Every structure is written in C-alpha cells, then in structure tokens.
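1. got a sequence here, can you model it:
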Amino acid sequence: MAGKQEARAAVLVVGPDGVVSGWSESGRLLLGWPAEDAVGRPVTDLLAAPPPPGFPESSGSGPGQAELLPLRHRDGSTVDALVSAHPLFGADGRLLGHAMTVHRWERRPVIADLAFEQCPFALGVYDPELRFLWVNASACRVMAHSEEQVLDEKYRELFPDLDDRAYTDKLSEVARTGDPARLITVFRPLGSDYANAWATSMWPVRDAEGRVRAVANWGFDMSAEYWARQRLLMLNEASGGIGRTLDVLGTAQELARTPVPGFADLVTVDLFDEVLRGEEPPLSPASGEAIALRRAARHSTAYDTDQASGHPAPVGHAPDSVAARCMATGRSTVQLATEPGPGGEWAFGPGLAADPAHWPPGNPLIDESLAAQRTTGRITVPLRARGALLGVVAFSRSDRPEAFTADDLILAEELTAKAAVAIDNARRYARERTTALTLQRSLLLQRLPVQEALEVASRYLPAGTGSEVGGDWFDVIPLSGARTALVVGDVVGHGLHASASMGRLRTAVRTLADVDLPPDELLTHLDDLVIHLASDLQPAGGFQPTGEFGATCLYTVYDPVSRRFTLASAGHPLPLVISPDGTRAPVPARPGPPLGIGGLPFEAVELELPEGSLLALYTDGLVGSRERDADQGVAALLRVLNRPATSLEGLCDTVIDAMLVERRTDDAALLLARTRALDPQHVADWDVPPDPAQVPRARKFALDQLEAWGLEEASFVTELVVSELVTNAIRYGEPPIMLRLIRDISLICEVSDASSTAPHLRRARAFDEGGRGLLLVAQLTQGWGTRHTTYGKTIWCAQTLGEPQTL
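-> Take a look at the predicted model:
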C-alpha cells in the first residue's frame, strides 16, 4: 500500500499485437502487478473499463498528449491515470510496438469536493464562449436550474430575459483580456422574489502554455450590506436635500421625494393647518381622537408628482387609524402584509436584514388589509420637532415584493426627524417673516401724498420665499414752496431688526425734511442718528456689538417753480434721469459714504430738468442678482425705462416683470416720478424795500394777485399773513427781502430775507406789544414753517384752497 501511494508514474512496452512485452518496477508500484504476471498479457487486461476505439495507438492526440483512463489494480481497485502511447520503430522503419507512459491522476480529496459543492457562495466555470462547464449547488439555486440543465449551454442563450448584462459583459471581458475583475450588481435572479445585490469575483483559468481556457467566478448575496450602505447614502442625501428652502410646503415635498424610489414607492406628508400657516402647532391629540390634517406632499413612483397646486387638501384620520394612534402615542408603527417564515425570515424580504428580534415593541403589525391595497408594507412615523407634533408621514411599498425591515424603520424615523426640524424651522421663519413683513408694510408709505410737482408711482417687493425681509424703504414728502422730496433707502441686514431700523430712519428723514434742511445737511444729521442707533445696540459692557447697523439713503428735492432737482447720496445708487426725448441725462455726483461711518462729508448737486423728465430711484435689490452685476442691472433698467408705457403705473409693472428674477434674495423698491413745471403765471414775487412804510404796498400786491387768480375768498387771511410776515422781515431781518405767492393745490405765501435767525412761537403777555404775529399766522393757515437757504431764510405759510387747481 505504501508503494501504491508513492508511485506516480510507470512505463511499459506493448508489442504490435497489443501484448505487454516490457514492464518496469514503477508499474508494479503503481498497479501492483509484478513483471512475471504482466508481461505476455494483453494490455487491455489492465483497463477497468472497455478500451476506447483504436487503443492503444489512439491514446493521446499527439506527442506529449495523454488520455484519462481507469486502470485495474491487482487488488481490484481502480486507478485513474493519464495514459499516452509513443510508437517504437526499427532500423528499417518497421513498427515494433509502443512505449506507454502512465501517470496517476490525483483527484481532489472527497472532502474538497464536498466543500466546493456545499459552498454558500455561487461558484461556476465557463468556457471563453460563456458555456457552463461546472456549477455548484448554490449557483443552481440562484439560477433555479440544475447542473444538467445548464452544462454546455451558453449563459445568454439560457437566460435571455435576466437583467444582468453587466455580469455577462464582465465575464466576456475577463475571457478576452485575461485580467481578473470584481463587480457588484443589483438584479432579481430567477431563484429569488426580490432584487439582490451580488458581489462577484472573476478570474481566468490558463493552461500550461498560459492560454485562457476558461473563466471561473464566485459570487455571494451581499444585499444586507448593500442596502445598509444605501440607507447611509440616503441619509446623506437627505441631509443636503431636505430643508434647502425655508418653506414648509417645499420642505414637505423634499421629504416626500427623497425616499422614492430607492426606499419606498409612495410617501405622504400630512401637516396641521397651523403649521402650514406658520403658527404654533396644536397640542398633541389624545388617544381615540379623530385628527384633521392637510396633505402637504405626496410622491410616488406611479405618478411622479408632488402635491397638487393650490392649498393642500384636507385629510382626516379616524380615531382607530394607525396614523391617529401614532400621533397620540408618539411611536412609529410598521404594517406588513404577511407573517414571518419558519426560519425568522419575512416571506417577501431578505432574512439577513429582517431579524424579528431587532423590532421595537409592538412592531411589526400584520395587517391583512394591505394585500387588498396591493401594498407589501407601510411605515407610519409621527412628525415631531422640539417636543411639538407637526403631523405624520407614511412610507409605503407596493411595486416591490420585499417587506420593510427593522433597519428600514430606523431609516424612516431618521428621515422624518431630519425633515421635522427643517419643517419647524421653516414654520418659525414663516412666522417671523410674516411679522417682519407686516411691520415693514405698516411703516412704508401706504398711499402717495397729494402734490402737483411730480407724477409718482412706486413698487415694493419683499425678498422671495426662503429669504428674510430686508430694510428697503421709499418715501414721497411734500415740502414748502410746492416742492417734493423723493427718498429711497436700504438698511443693512434682514428680519425684524432691519424692519424696525427702517421705521426709525424713515421717521427721522420725515422729521428732518419737515425742518427743510438741504439734502447734504439732512444726510449729515441722519448719519449722526445711525451712529447713535448703532451704539444703542451694544450690550452694557460695550465690548461686543450685537450686530451691524448701517444704511444707505438717497435724498432728493424737486422744485416745480425753478425745475431744479437737488440730490445727495449716502452710499446709495444715484437716480436715473431720462430726458423727455429718451436720452439719459448725466448726474454729476458721486455717492457719499454709507450712513453710520461718520466724519465724512456728503455732496449735494443741483440739476435743472426739462418738464416731463423721468426720475427713477431704486434699491440695489432691483438691479443686482446672482446672474448679473449692478452695472449690467442698471443698463437693463435703462432699456426697460425707454419702453413705451401708457402710464407710470404700467411702466412700474413692466420694470418689475423684466428686472426681478424668480428666486431673488433681497428686497426691491422702485420709485418713478415724472416732473412737472409750475406755470409762471402761478408764481408772483416782489422785492420789498426794508421800510415799514412798504407793508401796505405789500398787502396791495398780494390782494391784486389774488384778484387776478380769482381767489378773492382768500384775501382776508392773505392780507393779514402778508402784513405780519413782511413786518417781521423788515423789523428783524436783513435785506434783501422778497415776497412770493405761489398758486398750487394750496396758496403759499413766502417772505425771504438775508438773516439766518429763525423766528419761533411764544406766548405773548397781556401788555406785550409784540409776539402775536406768528401765533396769528399759525391760527389762520393750515401750515407754516421756516427753511434756511444759502443766503438766509424763508418764512412760509400755506392755505388750503377749496378745489385743487389744474396747472
């Protein structure tokens, strides 16, 4: 037996008649036959099976080639050997017989055969044309075919309908190139009810000369690991894809879209109506209570659509429904359409990822009604954030056979938790934005004041959804002498703070405008105010400011009598001035520093405009965007302003439609004005000599002018007012003194002198000879005031006329 084990090869000689004529010791060791028993016997007696045709001459197809034959050992056992025959010739070329070599064919041990056959991995060997040469039992289970059914068959011809083209293409590539490869594919094999993720390794099988004779591969089902990775990828996608906009409905739709189709086939998101309105959500419902929600989002593989347009439709959940119980208890529920199998696996899903021991208490709930809905499973998760219940989310599967697993429940809860925080942030933002917008609109100009100097139209649009309200504002302020101030500004920052700051600045501008300061001086005072406001924002220690506070402002004044347009800018874009012929009039000014810098002067410039000139004042939110810079925006605005328009209101709408992008992130304010000129016949002035004797002549001048204008009903009050103002100018002022009457929507009386000392009201005592003049003027007119000029001051008063006058 030891010799049998040690013998590996033997040599024997066979005559032309097929009889053994020579025998070696190795033959005895290999087959157990001594030379005396082997020589003289037909060589076919050594075979354990009928000889193949042409044996022994045909053994091997050529020199060095061998044929596998079973040989008979002397003890009756069989020895598989590789046999090759080599012809022997004499000197005359006559065939003397054959020299035969016998090599033991060492088969793998039986245990190795069993190991390969019982391997849980799918093993297979293909020829270069992808014909099956060998497969194990696991591979047969995957293919749902026996070994006899697949051997010598081409893979693609045997399985033409399988969606595994990537697998067969890679096998062909390995056979062609000889390079090993690895592959991960997801497909539904014939032996499975659901899609599997397969990890496959392939390598070439070479012969002694290095030629690729076959391709071998092994593969295993890595579905549990693959889907775990997919869950992580989905969570990562949710982190960047849910909550991109501060919009409740938009965030709900992002939650509905993210898990479809990779995780679920249908997702619905139902929210309380209060959440949709940006209000505080109601208290959590009690058990057994019906709940009314609204369907904020719905997305499925079948319809590929989000919530329909319009207000979300109402959705009711009965007291005994799964959704109502989830919201009442705050716990998620998983419904499955089938029971687990005997091995713990779920009938429709991979067992590795669905161990029932991992389920939380009360889950899963077997619901036979799901089958009637063609649904394999549903996960219902309450939508909660910061301790408040916002609604409920349902994840359903219908198109795929695999049921939800315990790991799937964890993923659904993670997705819902991320979305809940984003929805609550959007709700809080909506509430703050609504509050800030309400505050801002209450502080903005509600309607344009009555004045005749300019035809005015305006628009204000807050930032788009998802952006906070800014601090843009504009104003139209009637001034003395029939003049009108146009103001536009922008506060740094957004939100309630910006809206409140905008209200402060607008009030300050109106107060300073009432004093009738020149534009550059007004901005200087406003700059001081902003510096004080910024210091008020610092905490008590004064070390760290709570936030930036600054603003820009453009203040302009138009005088219809002189057609003079005066302006000064504190860091704000200059106005666009377009002449009646459509050409742009240059504005020879530079914007000064923004408000809040301090210590830098502001420059005021004055232009004389033809009647009918178009003025455009705006904030940077109108011309600037991510798609274009400010200069490009100004050029685009100029092009739009030159379009034909029936009115300024229509032109405002045209500008807004053309200039504002859909997703703007800043407020935009627009103020358009077309200049008018006061008829020279509606203005009368007279130089008053500095002599008290000229007061009666001043009264007569005023009465004659009123008679020429047909305003005799205003003669009594005008005569008294002119007498008092001219008397004060002669007595307390300095020459030159001028009296001017202006007929506008009101009757304006102005007396100017070269003194900068302004009068003021005071209480006159019983025996005082003076002190009653301005009090009388204030009592008899609808308004009065003082404005300082470059050469002195002007005291004015205005009387309201019965009917507005047409210029």
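
2. show me what R384 is bridged to.
-> Beta-bridge pairing of R384 under DSSP bridges involves L389.

3. same deal with I795?
-> On the basis of DSSP bridges, I795 takes part in beta bridges with V751, T786.

4. hmm, L725 and it touching each other?
-> Yes: in this structure, I795 is within contact of L725 by Cβ atoms under 8 Å, at 5.4 Å. Every residue, glycine included, has its C-beta placed from N, CA and C.

5. common neighbours of these two, please.
-> V751 (Cβ atoms under 8 Å, 6 or more residues apart in numbering).

6. the two: which has the busier surroundings?
-> Comparing I795 with L725 by neighbour count (other Cβ atoms under 10 Å), the higher total belongs to L725, at 29 against 25.

7. OK, contacts around the closest residue to that one other than its chain neighbours?
-> Setting aside the residues directly before and after it, L725 is nearest to V751 in space (Cβ to Cβ, 6 or more residues apart in numbering), at 4.1 Å. The neighbours of V751, taking Cβ under 8 Å, 6+ apart as the test, are 688, 722, 725-726, 728-729, 737-740, 794-796.

8. what about V751, distance to V721?
-> 9 Å (Cβ to Cβ, to the nearest Å).

9. how about L638?
-> 46 Å.

10. so which of these two has more stuff around it?
-> For L638 versus V721, neighbours defined as other Cβ under 10 Å are more numerous around V721 (27 against 13).

11. pretty sure the more buried one belongs to a helix, no?
-> Yes: V721: assigned to a helix according to DSSP: H, G, I helix; E, B strand; the rest coil.

12. tell me if I'm right that it and Q779 touch.
-> No: the pair V721 and Q779 does not pass the contact test of Cβ under 8 Å, sitting 10.5 Å apart.

13. secondary structure element holding P281?
-> Assessed by DSSP states H and E, P281 sits outside every helix and strand.

14. could you list every residue that touches it?
-> Applying Cβ under 8 Å, 6+ apart to P281 gives the contacts 272, 274-275, 388-390, 427.

15. now A48
-> Contacts of A48 (Cβ under 8 Å, 6+ apart): 70-72, 78.

16. if you set the cut-off to 10 Å instead, what comes out?
-> Going by Cβ atoms under 10 Å, 6 or more residues apart in numbering, A48 touches 69-73, 76-80.

17. returning to that earlier point: could I get the contacts of V751 as TSV with distance to A645?
-> As requested, the contacts of V751 are exported to TSV (distance: Cβ to Cβ, whole Å):
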residue	distance to A645
V688	46
V722	44
L725	44
V726	47
N728	48
A729	46
I737	46
M738	40
L739	41
R740	36
T794	37
I795	41
W796	36
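
18. which among the residues you listed end up buried?
-> Taking 16 or more other Cβ atoms under 10 Å as the criterion, what is buried in the contacts of V751 is 688, 722, 725-726, 728-729, 737-740, 794-796.

19. break the protein down into its domains, please.
-> 2-104, 110-221, 226-432, 448-675, 680-800 (automatic domain parsing).

20. what about the strands in the stretch 501-650 of the chain?
-> 551-559, 564-570, 576-578, 584-585, 604-608, 614-618 (DSSP state E, counting those that start in this stretch).

21. centre of the chain to the fifth one, how far?
-> Just to be clear, that refers to strand 604-608. 47 Å (Cα atoms, centre = their mean, to the nearest Å).

22. list the helices and strands that strand packs on?
-> Counting contacts by 3 or more Cβ pairs under 10 Å, 6 or more residues apart in numbering; DSSP states H and E, strand 604-608 is packed against helix 519-536, strand 551-559, strand 564-570.

23. same check, this time on the second one
-> Packed against strand 564-570 by the contact rule (3+ Cβ pairs under 10 Å, 6+ apart) you find strand 484-491, helix 519-536, strand 551-559, strand 604-608, strand 614-618.

24. make it 8 Å
-> For strand 564-570, the helices and strands in contact under the criterion 3 or more Cβ pairs under 8 Å, 6 or more residues apart in numbering; DSSP states H and E are helix 519-536, strand 551-559, strand 604-608.

25. give me the mean pLDDT for that strand.
-> Average pLDDT, strand 564-570: 94.

26. go on, the fifth one?
-> For strand 604-608, the mean pLDDT works out to 93.

27. hmm, who's touching that strand?
-> So strand 604-608 is contacted by 518-520, 562-568, 577, 585, 587-589 (Cβ under 8 Å, 6+ apart).

28. please identify which pair of those lies farthest apart.
-> Longest distance between any two of the contacts of strand 604-608 is 21.4 Å, between P518 and A585; criterion Cβ to Cβ.

29. re earlier: type out the ChimeraX command that picks the buried ones from the contacts of P281.
-> Buried residues among the contacts of P281 (16+ other Cβ under 10 Å), as a ChimeraX selection:
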select :272,275,388,389,390,427
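
30. any chance of the contacts of P281 in JSON lines, plus pLDDT and distance to P360?
-> Formatted as JSON lines, the contacts of P281 follow (pLDDT from 0 to 100; distance: Cβ to Cβ, whole Å):
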{"residue": "F272", "pLDDT": "94", "distance to P360": "26"}
{"residue": "E274", "pLDDT": "91", "distance to P360": "30"}
{"residue": "V275", "pLDDT": "92", "distance to P360": "27"}
{"residue": "A388", "pLDDT": "92", "distance to P360": "22"}
{"residue": "L389", "pLDDT": "94", "distance to P360": "19"}
{"residue": "L390", "pLDDT": "94", "distance to P360": "22"}
{"residue": "R427", "pLDDT": "88", "distance to P360": "29"}
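
31. so who does D399 touch?
-> Contacts of D399 by Cβ under 8 Å, 6+ apart are 261, 265, 301-302.

32. which of the residues you listed are buried?
-> Buried among these by 16+ other Cβ under 10 Å: D265.

33. the contacts of D399 in helices, which ones?
-> The members of the contacts of D399 all map outside helices under DSSP state H.

34. mind listing the helices for the stretch 651-800 of the chain?
-> Using DSSP state H, counting those that start in this stretch, the helices of the stretch 651-800 of the chain run over 695-709, 715-732, 773-780.

35. now do the stretch 201-350 of the chain
-> Using DSSP H, counting those that start in this stretch, helices in the stretch 201-350 of the chain cover 223-241, 248-257, 273-276, 322-329.

36. tell me which of those sits most buried.
-> helix 248-257 (a mean of 24; mean count of other Cβ atoms under 10 Å).

37. so how far is stretch 691-698 off the chain centroid?
-> Relative to the centre of its chain, stretch 691-698 is centred 76 Å away, using Cα atoms, centre = their mean.

38. what's the end-to-end length of it?
-> 11 Å (Cα to Cα, to the nearest Å).

39. now that stretch: buried residues?
-> 694-695, 698.

40. could I get the helices and strands packed on strand 564-570 as a markdown table with distance to D667 and mean neighbour count?
-> Shown next, in a markdown table, are these (distance: least, Cβ to Cβ, whole Å; neighbours: other Cβ atoms under 10 Å):
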| stretch | distance to D667 | mean neighbour count |
| --- | --- | --- |
| helix 519-536 | 19 | 19 |
| strand 551-559 | 13 | 26 |
| strand 604-608 | 27 | 16 |
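
41. distance to V634 for the ones you listed - can I get that in TSV?
-> TSV is the format used below for these (distance: least, Cβ to Cβ, whole Å):
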stretch	distance to V634
helix 519-536	21
strand 551-559	14
strand 604-608	18
